[in-house]
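My questions concern the predicted model and sequence given below.
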Amino acid sequence: QVQLVESGGGLVQAGGSLRLSCAASGRTFSAYAMGWFRQAPGKEREFVGAISWSGDSTLYADSVKGRFTISRDNAENTVYLQMNSLKPEDTAVYYCAAEPGVVTTDSVRWDYWGQGTQVTVSS
């Protein structure tokens, strides 16, 4: 089992920045690929980005590429999502996820999920 707890969400104006954190506990954090997903009201959960277990490989959704950056600190069992140039359409609940295999955009493939943290971007 892996337990995930997100933090860092909040209200920010368009153009601003936020950094989300996801603290993991349980099994060996460094063995898992880590991902971020988001879900806006009335919409399906969508892939935001992910990072391989080693941190050498990252993958981003086109909608956030160039604005969001994922990083991880395996010594601290934490993964981060740095969000810059935020837009109102980035408003959603952001979820952290863990997967023992390779990075994938398919949410069904991710085994463990956090409870989510709300990000609201005002125009």
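That came through fine.

Centroid-nearest residue for this structure?
residue 36 (2.4 Å; Cα atoms, centre = their mean).

In contact with it: list those residues for me.
20, 22, 48, 49, 50, 70, 79, 81, 94, 95, 96, 97 (Cβ atoms under 8 Å, 6 or more residues apart in numbering). The C-beta positions use only the backbone N, C-alpha and C, and glycine is treated the same way.

before we move on, what about residue 114?
By Cβ under 8 Å, 6+ apart, the contact set of residue 114 is 4, 5, 6, 22, 95, 96, 97.

rerun that using 6 Å as the cut-off
Residue 114 sits next to 4, 5, 6, 95, 96 when contact means Cβ atoms under 6 Å, 6 or more residues apart in numbering.

gap between the two ends of stretch 12-31?
This stretch, stretch 12-31, spans 33 Å end to end (Cα to Cα, to the nearest Å).

And the residue nearest to the centre of the chain, how far from residue 123?
Residue 36 sits 23 Å away from residue 123, going by Cβ to Cβ, to the nearest Å.

One more: residue 92?
15 Å.

Look at those two and report which has more neighbours.
residue 92 (22 against 9; other Cβ atoms under 10 Å).
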